[in-house]
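Chemist: Everything below, folded, please.
(2 chains)
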There are 2 protein chains.
Amino acid sequence: MDTIEIIGLVAASLTTSAFVPQVYKTWKTKSTRDISFTMYGAFLIGTILWLYYGIYHNSLAIILANAVTGILVVCMLMLKLRHK
Amino acid sequence: MDTIEIIGLVAASLTTSAFVPQVYKTWKTKSTRDISFTMYGAFLIGTILWLYYGIYHNSLAIILANAVTGILVVCMLMLKLRHK
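Modeler: You can find the predicted model right below:
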């Protein structure tokens, strides 16, 4: 695999795993006042469309990245709804 | 342009513009206690790598999406630093 594709995979894993510290912080503090529900709602719709795009193009990287992001974003939305 | 590429562009614009309501909320409330600095730090590095990837592949969509995301993420980091 050439370097540029490795950079793409590192970029994808960073912009996906970046949500983990936010989900962890919110889960621990149970405080969501500063979190924008609209952001995570829009992000979820975008992620679902990316998933469709990835499945259509048979791109494992796009499917994996957006499946993980989708799960983390759903976690944030549930935490936001539970701890208004 | 065929439908699937339109879906890709809509997905990209959603996962990019999703940050706008969060930046607006944080700018207005000046409250960042619930926001994870680590998330936005990791997101910024990932976005910079995506920019490099997009420039390498001459992909206007990837360059545009990640340039806008990068600016919004830098805004969040500055707001977080200013309003600990």
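Chemist: most centrally placed residue in chain A?
Modeler: Chain A has residue A:69 as the residue nearest its centroid, 2.3 Å off, counting by C-alpha atoms, centre = their mean.
Chemist: For that one, give me its contacts.
Modeler: Listed by C-beta atoms under 8 Å, 6 or more residues apart in numbering or on different chains, the contact set of residue A:69 reads A:15-16, A:19, A:43, A:47. Every residue, glycine included, has its C-beta placed from N, CA and C.
Chemist: Mark which of the residues you listed are buried, thanks.
Modeler: Buried by 16 or more other C-beta atoms under 10 Å in any protein chain shown: A:15-16, A:19, A:43, A:47, out of the contacts of residue A:69.
Chemist: What about these, which are in helices?
Modeler: Applying DSSP state H to the buried ones among the contacts of residue A:69, the entries found in helices are A:15-16, A:19, A:43, A:47.
Chemist: Show the pLDDT at the residue sitting furthest away from the middle of chain A.
Modeler: Here chain A reaches farthest from its C-alpha mean at residue A:2, the gap being 25.9 Å by C-alpha atoms, centre = their mean. pLDDT, residue A:2: 87.
Chemist: what about it, distance to chain B?
Modeler: Residue A:2 is 10 Å from chain B, where distance means C-beta to the nearest C-beta, to the nearest Å.
Chemist: go on, residue A:39?
Modeler: Distance of residue A:39 to chain B, computed by C-beta to the nearest C-beta: 4 Å.
Chemist: now residue A:46
Modeler: In this view, residue A:46 and chain B are 3 Å apart by C-beta to the nearest C-beta.
Chemist: What count of nearby residues applies to that residue?
Modeler: Using other C-beta atoms under 10 Å in any protein chain shown, residue A:46 is surrounded by 23 other residues.
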